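Undergrad: curious how this folds, go ahead:
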Amino acid sequence: MSTLYIGLMSGTSVDGVDAVLMDFSNGMHSIGHCSLPFDDALRQRFLSLNQAADNELHLSALAANQLALVYAQAVQDLLNACHLQPGDIAAIGAHGQTVRHQPGLHDGIGYTLQINNPALLAECTGIRVVADFRSRDLAAGGQGAPLVPAFHQHVFGEAGQSVAVLNIGGMANLSLLNSDQVIGFDCGPGNVLLDHWCQLHTGQLFDRGGAWAAQGELNQVLLHHMLQDTFFQLPFPKSTGRDVFHADWLNAHLQASAALSAVDVQATLTALTAQVCVNDVLRYAPNAARLLVCGGGAYNQHLMQCLQDRLPGMAVQSTENHGLPPLQVEAAAFAWLARQTCLNLPGNLPAVTGARGPRVLGAIYPA
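TA: As a prediction, the model looks like this:
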């Protein structure tokens, strides 16, 4: 069997697709990466599906088809860049686009919904596709997320060292890697509120480098009010998404802070993302040697400085310094998870998700 796997990731930032080609023949290393942005129409369709709407079943089916075509184009671009053919690839791990995440809701099981059409992706690429990674963990009593801590341990774990890995995408999730235990969970909002506020007030999709936030002043009263959200106090296992942290959540907190300038709100939202992550690091891994940061937030220099200022005794570093660029980490994780599925090996960590035990994740769609 081929040792080459492709991982596809489109996260809660809803900005596009990252595709990574991984080689597992001698350990593991990345041999190719490409990114494709979503056009505005597809992005808005995904965002609209985070809320109840008329005809949403029809709209979600169309969005799944469109996503599969974007995925297929990313795969083709990656194959072209690496001078490979579909037959060279063992499988594609395609996470899909999360539009609802409600673990444990109402019936004690809940649901998680990733828009995807893996059958169409297999048809378009001629490559076996592994998808639907979260649902088996959920069925086993888990949260269905986060799934990447097992991969983080595989890549960044160090014998005798305590290392923390922070992924800052739309949401922020933390993996704490010790030689005897791995835990991981969602901390809260990552870029989701920052991007929303930036788009609303500047027209830009995101605050590049955190330059706009750096011009503002942190408002301690607003930050304190936001930090009272019950999610931040919950013990792990826990996961969240746009179902909780969205524009209405922010607007409710801003009602008591109407006099704040837009730039001061951006500065305070940046501090919120940094603070909830730091609180969890200090709560669960105060002696970690370093905090490795991946996801789009690793390129926000102002946010990275906020993290470092709050963790003066810990080295805050990009995963770039440790062999894997920040925008490749999550996609690489789904290449690894696809390989686990194809080898009939577990992909979840029960201590992380809360599942009753290890489970082989995902469903396979043959080429």
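Undergrad: for the stretch 151-300 of the chain, which segments count as strands?
TA: Listed from the start of the chain, the stretch 151-300 of the chain has strands (DSSP state E, counting those that start in this stretch) covering 163-168, 171-177, 182-189, 290-294.
Undergrad: which other helices and strands does the first one contact?
TA: Helices and strands touching strand 163-168, as assessed by 3 or more Cβ pairs under 8 Å, 6 or more residues apart in numbering; DSSP states H and E, comprise helix 149-156, strand 171-177, helix 262-284, strand 290-294. (C-beta placed from N, C-alpha, C; glycine too.)
Undergrad: go on, the longest one?
TA: When contacts are defined as 3+ Cβ pairs under 8 Å, 6+ apart, strand 182-189 sits against helix 149-156, strand 171-177, helix 262-284, helix 350-353.
Undergrad: give me the mean pLDDT for the first one.
TA: Just to be clear, that refers to helix 149-156. Predicted confidence along helix 149-156 averages 94 (mean pLDDT).
Undergrad: buried set for that helix?
TA: Residues 149-153, 155-156 are the ones in helix 149-156 that count as buried (16 or more other Cβ atoms under 10 Å).
Undergrad: same check, this time on the shortest one
TA: Of the residues in helix 350-353, 350, 352-353 count as buried by neighbour count, 16+ other Cβ under 10 Å.
Undergrad: then the longest one?
TA: When neighbours are counted by 16+ other Cβ under 10 Å, the buried residues of helix 262-284 are found to be 263-281, 284.
Undergrad: next, the angle strand 290-294 makes with it.
TA: 130 degrees (axes from the mean of the first three to the mean of the last three Cα atoms, to 10 degrees).
Undergrad: quick check: which helices or strands does helix 262-284 pack against?
TA: Other elements packing on helix 262-284 under the criterion 3+ Cβ pairs under 8 Å, 6+ apart are strand 163-168, strand 171-177, strand 182-189, helix 192-202, helix 211-214, helix 220-227, helix 301-310.
Undergrad: chain center to it, what's the gap?
TA: On the basis of Cα atoms, centre = their mean, to the nearest Å, helix 262-284 sits 17 Å off its chain's mean C-alpha point.
Undergrad: for the second one, same thing?
TA: With Cα atoms, centre = their mean as the basis, the distance from the averaged C-alpha position of strand 171-177 to the chain average is 10 Å.
Undergrad: what is the mean pLDDT for that strand?
TA: Averaged over strand 171-177, pLDDT sits at 96.
Undergrad: also the longest one?
TA: When pLDDT is averaged along helix 262-284, the result is 97.
Undergrad: so in this protein, which helix runs the longest?
TA: Determined from DSSP state H, the single longest helix within the chain is helix 56-82.
Undergrad: residue 238 reaches residue 143, doesn't it?
TA: Yes. Taking contacts as Cβ atoms under 8 Å, residue 238 lies within contact range of residue 143: 6.9 Å.
Undergrad: quick one: the strands in the stretch 1-150 of the chain, in order.
TA: When assigned using DSSP E, counting those that start in this stretch, the strands of the stretch 1-150 of the chain occupy the ranges 4-9, 16-23, 29-37, 91-94, 97-103, 110-115, 129-131.
Undergrad: pick the most deeply packed of those strands.
TA: Per-residue neighbour counts averaged over each of those give the maximum for strand 91-94, namely a mean of 30 (mean count of other Cβ atoms under 10 Å).
Undergrad: which strands and helices sit next to it?
TA: Helices and strands touching strand 91-94, by 3+ Cβ pairs under 8 Å, 6+ apart, are strand 4-9, helix 56-82, helix 118-125, strand 129-131, helix 329-342.
Undergrad: check the offset of it from the chain's centre.
TA: Using Cα atoms, centre = their mean, the distance from the centre of strand 91-94 to the centre of the chain it belongs to is 16 Å.
Undergrad: partner strands of it, with direction?
TA: Taking DSSP bridges as the criterion, strand 91-94 sits next to strand 4-9 (parallel), strand 129-131 (parallel) in its sheet.
Undergrad: quick one, which of the ones you listed is nearest to residue 193?
TA: In terms of Cβ to Cβ, the element of the strands paired with strand 91-94 nearest to residue 193 is strand 4-9, at 20.7 Å.
Undergrad: how is this protein carved up into domains?
TA: The chain resolves into domains spanning 4-144+328-365, 149-326 when parsed by automatic domain parsing.
Undergrad: report the rounded mean pLDDT for the longest one.
TA: The average pLDDT for domain 4-144+328-365 rounds to 94.
Undergrad: do me a favour and get the end-to-end distance for that domain?
TA: Using Cα to Cα, to the nearest Å, one end of domain 4-144+328-365 lies 17 Å from the other.
Undergrad: let the chain start at 46 from now.
TA: That works, and once the first residue is 46, the last one we named lands at domain 49-189+373-410.
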